[in-house]
Structure formats: structure tokens, C-alpha cells
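S.K.: this is a predicted model, with the sequence first.
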Amino acid sequence: MLSNKDAFEITGTLRAKHQNKNIPIIGLCSTKLHVDADNCLVAGMNEYIVAPYTFDQIEKLLIRWTRQFLTSKERTMSDAANQIKH
């Protein structure tokens, strides 16, 4: 159950339990405190964005990380297919 956990704990749980460790996790920080930003990365998030953020900033992050994730996933699938063939 994740309902009683903060974003850092949830990230750790996802990284520990999810089969695909490459799933992008982006932190949305409400303050400019470097402690919060550093905690995002220490917890296992790929990146973070600090408020105030715009829709365009979030959209660009999502597009970039989605492309990276899909490219990584396609490579993994391609590698698996090549192993089966050989």
C-alpha cells in the first residue's frame, strides 16, 4: 500500500519492486531548496522540476523521458529477440 508514503518512499518502492528499473520518475518540487532536489535524485528519481513550472516545461520533460524510455525498451526487446534467434 502506497497511500501513507511520501514521494521519496514511493520512488524507492517502485525501484525495488518493479521489474523494469528504467521507468522514468520525475519529481515535482514545490520549493527551490536544494535538499528537496537532492532527495529526489537520492531516492532514485531520474530528474526533478522546481515550482513554479509551466505546462510547456512539464510537457517537454514528459516527451523527452518517454522517448528515452521507449527507445530503451525497444532496445531491450530487440536484444531479447536476437538472443532467441541465436
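M.R.: Structure's in. What do you need?

S.K.: contacts only, for the residue nearest the centre of the chain.
M.R.: For the chain, the residue nearest the mean C-alpha position is I25 (1.8 Å; Cα atoms, centre = their mean). Listed by Cβ atoms under 8 Å, 6 or more residues apart in numbering, the contact set of I25 reads T11, L14, R15, G44, M45, N46. C-betas here are computed from N, CA, C, even on glycine.

S.K.: nearest residue to it other than its sequence neighbours?
M.R.: Leaving aside its chain neighbours, I25 sits nearest to M45 (4.5 Å; criterion: Cβ to Cβ, 6 or more residues apart in numbering).

S.K.: how would you label that neighbour: helix, strand or coil?
M.R.: Remark: M45 carries the secondary structure label coil [criterion: DSSP: H, G, I helix; E, B strand; the rest coil].

S.K.: number of residues surrounding it?
M.R.: M45 has 21 neighbours, counted by other Cβ atoms under 10 Å.

S.K.: over to the residue nearest to the centre of the chain: give its phi and psi.
M.R.: phi -130, psi 120 (degrees, to the nearest 10).

S.K.: okay, it: pLDDT?
M.R.: At I25, the model reports a pLDDT of 91.
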